[in-house]
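In: task: produce atomic coordinates for the following.
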Amino acid sequence: MRFIKPSILLLILVLAACAGQSNYRDMLQSWVGKSSDQLVDVWGGPDSIYQKDDGTKLLTFNRSQLTSSPAYGGMYGSNRGFGVGMGMPFYETEERRCRTTFHVNKAKKITQYQYQGDYCYGADNLAPPKK
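Out: Coordinates of the predicted model:
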């Protein structure tokens, strides 16, 4: 019975992560057919633009976030005696990234998208405006 509870927790965490990526993918899909001008109005200017020979433009946006969490080091010494002390905390810092690229045709309409990274979730504020 002890092994069931941790496995259920792990399953919930995995499903939550998948749901976040699914929401991000749905938000990106809602941009297909919209104009690149609308995209720039909401997302801001792209970090890079590449124009292919066929006239398609690739607009790439990079998002990143630094997160830090406290971690405590171990204590050193022997197992004899009595002492009072305080462990010194240190912080582990991690950068999370998401690179999203939109393909824009000659008519300035978004035709497809692609994304990669571990920060590709959420971002409800990046959805196209509702009419």
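In: count of neighbours near residue 50?
Out: 11 (other CB atoms under 10 Å). The way it works is simple: take the backbone N, C-alpha and C, and place the C-beta from them, glycine included.
In: now it: which helix or strand?
Out: Residue 50 belongs to strand 48-51 when assigned by DSSP states H and E.
In: who does that strand touch, helix- and strand-wise?
Out: The helices and strands touching strand 48-51, judged by 3 or more CB pairs under 8 Å, 6 or more residues apart in numbering; DSSP states H and E, are strand 57-72.
In: and the angle for the helix or strand that comes right after the strand it packs on with strand 57-72?
Out: Heading C-terminal from strand 57-72, the first helix or strand you meet, by DSSP H and E, is strand 89-104. Here strand 89-104 runs at an angle of 170 degrees relative to strand 57-72 (axes from the mean of the first three to the mean of the last three CA atoms, to 10 degrees).
In: tell me the buried residues in the helix or strand just after strand 89-104?
Out: Beyond strand 89-104 in the direction of the C-terminus, DSSP H and E gives the next helix or strand as strand 110-117. Residues of strand 110-117 classed as buried by neighbour count (16 or more other CB atoms under 10 Å): 110, 113, 115.
In: now those residues in CSV, with distance to residue 44 and pLDDT?
Out: CSV is the format used below for the buried residues of strand 110-117 (distance: CB to CB, whole Å; pLDDT from 0 to 100):
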residue, distance to residue 44, pLDDT
110, 16, 98
113, 16, 98
115, 17, 96
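In: put together CSV for those, with distance to residue 126 on each row.
Out: Output for the buried residues of strand 110-117, formatted as CSV (distance: CB to CB, whole Å):
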residue, distance to residue 126
110, 13
113, 12
115, 11
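In: since that was my last question, I'll sign off now.
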